[in-house]
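Participant: no sequence on this one, just coordinates:
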């Protein structure tokens, strides 16, 4: 008998098994904190509880696979919205936002900026210092 593959190719199941330290099929606030700590960040017990409350769909104070799948779907939707916004500002065909393309896009929206102002805006979020914004830098700026 063949095993039916999940729609996400098992990716969310793998995430769940990695986070679910006690293998009970749910992610507790403690497990969430441990995962965050393992990634080099810190999260208080209160922050973990609040994060769970925001995502928990059945009110049991724990995250199940369904909660993770909804969270992932929301992230994909947010990324697509950011990609659409990025395309408004990017230099056509270049895959990046330049001071010129930023100035032009802002002007199309009725917001007049000088070239120097646009250069400052780009520099503020230009993580790699190459003078333009990549999609990743744009995402960091928007979030």
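Facilitator: It's in. These figures come from a predicted structure and were not determined experimentally. Numbers count the residues shown, from 1 in each chain.
Participant: contacts, neighbours, all on C-alpha from now
Facilitator: Will do.
Participant: remind me, longest helix of the protein?
Facilitator: Across the chain, the longest stretch assigned as helix under DSSP state H is helix 65-89.
Participant: name the helices or strands packed onto the helix or strand in which residue 51 is found?
Facilitator: Assigned by DSSP states H and E, residue 51 belongs to helix 45-55. Counting contacts by 3 or more C-alpha pairs under 8 Å, 6 or more residues apart in numbering; DSSP states H and E, helix 45-55 packs against helix 29-38.
Participant: and the helix it packs on, what does it pack onto?
Facilitator: Against helix 29-38 (3+ C-alpha pairs under 8 Å, 6+ apart) you get helix 11-19, helix 45-55.
Participant: Which one of those has the poorest average confidence?
Facilitator: Here these differ in mean pLDDT, and the lowest is helix 11-19 at a mean of 80.
Participant: so what pLDDT did the residue positioned nearest the centre of the chain get?
Facilitator: Centroid-nearest residue in the chain: residue 75, 5.9 Å away (criterion: C-alpha atoms, centre = their mean). With respect to pLDDT, residue 75 scores 78.
Participant: all numbers from here: first residue = 159
Facilitator: All set: I'll call the first residue 159, so the last point we hit is now residue 233.
Participant: how far away is it from residue 215?
Facilitator: Using C-alpha to C-alpha, to the nearest Å, residue 233 is found at 16 Å from residue 215.
Participant: name the element residue 258 belongs to?
Facilitator: Per DSSP H and E: residue 258 is located in helix 257-266.
Participant: Mind listing what's buried along that helix?
Facilitator: Neighbour-count burial for helix 257-266, counted by 16 or more other C-alpha atoms under 10 Å, picks out 257-264.
Participant: Contacts for that helix, please.
Facilitator: With contacts defined as C-alpha atoms under 8 Å, 6 or more residues apart in numbering, helix 257-266 is touched by 246-249, 270-273, 276-277, 279-280, 290.
Participant: hmm, which two among those residues are most spread apart?
Facilitator: Farthest pair in those (C-alpha to C-alpha) is 270 and 290. Separation: 19.5 Å.
Participant: where does this protein dip in pLDDT?
Facilitator: 159-167 (pLDDT under 70).
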